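# What shape does this take:
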Amino acid sequence: MTTTTALPGLALFEVPPVTDNAGAGYAVLLDNAVRAESLGYETYWVAEGRFSNIGLPSALTLLAVLSERTDRLRLGTAVIPLAFDHPQRLAETAAVVNTLSGDRLELGVGKGNGGGFSAAAYDAFGLDENRREELYAEALARLRGAFGLQRVVDGKTFGFYPPAGNLPQRLWQATSKVDTARSIGRAGDALQLHRFASGGPTGAVQKDLVDAYSSELPADRSPRIGVSRSVLPAESKRDAVRLFTEHLERDPGATPWINRGSSPSEILRDFYILHGTPEEIAAELVADAAVSASTDYLFSVPLALDDKHYRDSLAVVAEEIYPTLSTVRPNALSRNSLSTLPIPVG
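Next up, the predicted model:
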């Protein structure tokens with residue numbers, strides 16, 4: 001049993017790769033999450049994807065297993081693309097995982113990455129990706145309603161089971177669009193931000209999303225904003241570039257989203273991967289407008305998930321980088337003190 005106190009807002013975010021041995025890959029995820037709990041991380045977030053370089057089509061299944069191997073670590077999906085699940089079935093599965101974990105699930109949902117990244121998945125499910133916005137809105141509305149659904153059978157009323165408790169109030173939505181950020185705030189949900197943004201400096205672009213979200217948030221709801229950042233702590237910037245270069249040489253397919261021909265230094269720059277000494281990374285994070293306005297920090301490290309430096313970096317983030325951020329972190333609502341009253345959506 002772990003006795004480590006959770007560090008508020010500190011989170012590990014992992015994107016499972018497609019490997020030759022799926023079972024071994026999932027075992028690495030579980031081991032890393034257990035290590036994160038021992039280091040004081042508050043939440044473990046895992047990505048879900050299919051027919052892509054993301055090797056986990058069912059995040060909730062992995063988190064159900066993880067719930068039995070951890071004691072207090074919060075468990076998050078980052079994110080479940082709603083178009084590929086039936087809302088009622090998703091709500092039921094999420095409620096089972098939440099029950100097994102002792103009310104520790106954070107339910108992150110989204111549309112699936114755009115720009116063609118999710119095209120194969122939409123095709124596999126017989127869906128038109130051009131309708132992704134419409135499909136998402138429909139599925140989200142049905143997911144909200146699913147938690148309170150009742151049916152009468154032979155005169156007896158059956159309700160949603162197992163009881164969802166506060167889970168519907170721990171719904172996180174990911175977006176890169178200002179209009180969607182406003183609707184997330186209006187619904188009283190939590191906001192998730194990507195590791196980098198296009199159209200300008202990531203922090204500035206995402207601060208606009210934070211402001212849009214906050215402007216619509218009901219007065220009785222505290223903001224919950226999760227910002228994802230990729231960091232590579234090392235002895236120096238030069239050493240970080242070396243580590244990243246060696247990673248790419250070992251696994252050329254690790255970054256399928258890059259422009260071919262880009263150097264490791266250019267990739268680190270263009271995709272906003274903060275690297276260097278812990279002090280340098282912490283200073284950049286504090287100067288990041290979106291980070292400074294966030295309540296949760298979803299850290300990822302751009303190395304193989306079973307790499308020794310990767311695992312060592314988890315401790316560096318918790319012990320050397322996070323303490324600087326904790327001094328500027330906004331107050332966040334306790335995960336288990338959320339109101340169970342429904343939030344009107346207009």
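# Please count neighbours and contacts with C-alpha atoms only from this point.
Noted.
# Count the residues that sit near residue 249.
Neighbour count for residue 249, taken as other CA atoms under 10 Å: 11.
# What of the one 4 residues further on?
Using other CA under 10 Å, residue 253 has 12 other residues around it.
# Identify the residues contacting the most centrally placed residue in the chain.
Nearest residue to the geometric centre of the chain (CA atoms, centre = their mean): residue 78, 3.2 Å. The contact partners of residue 78, by CA atoms under 8 Å, 6 or more residues apart in numbering, come to 13, 45, 46, 47, 48, 107, 108, 109.
# Which of those fall in strands?
Of the contacts of residue 78, the ones assigned to strands by DSSP state E are 13, 45, 46, 107, 108, 109.
# Going by distance to residue 276, which of those residues wins?
Nearest to residue 276 among these is residue 13, at 19.7 Å by CA to CA.
# so what's that closest one bridging to?
Legend: beta-bridge partners of residue 13 under DSSP bridges are residue 45.
# pretty sure residue 205 is in a helix, no?
Yes - assigned with DSSP: H, G, I helix; E, B strand; the rest coil, residue 205 falls within a helix.
# gap between it and residue 99?
Counting by CA to CA, to the nearest Å, the separation of residue 205 from residue 99 is 37 Å.
# Then residue 281?
37 Å.
# Pull out the buried residues from stretch 180-196.
180-196 (16 or more other CA atoms under 10 Å).
# For that stretch, what is the distance to the chain centroid?
Centre-to-centre, stretch 180-196 and its host chain are 12 Å apart (CA atoms, centre = their mean, to the nearest Å).
# For it, give me every contacting residue.
With CA under 8 Å, 6+ apart, stretch 180-196 has contacts from 108, 169-176, 202, 206, 209-210, 212-218, 221, 223-230, 271-272, 343-346.
# Which residue ranges make up each domain of this structure?
1-174, 216-335 (automatic domain parsing).
# Lowest mean pLDDT across those domains, which one is that?
The minimum mean pLDDT among the domains of the chain belongs to domain 216-335 (a mean of 92).
# Show only the entries of the buried residues of stretch 180-196 found in strands.
Judged by DSSP E, the buried residues of stretch 180-196 include 190, 191, 192, 193 as members of strands.
# Which residue, other than its chain neighbours, is closest to the second one?
Of all residues beyond its chain neighbours, the one nearest residue 191 is residue 225 (4.8 Å), with distances taken as CA to CA, 6 or more residues apart in numbering.
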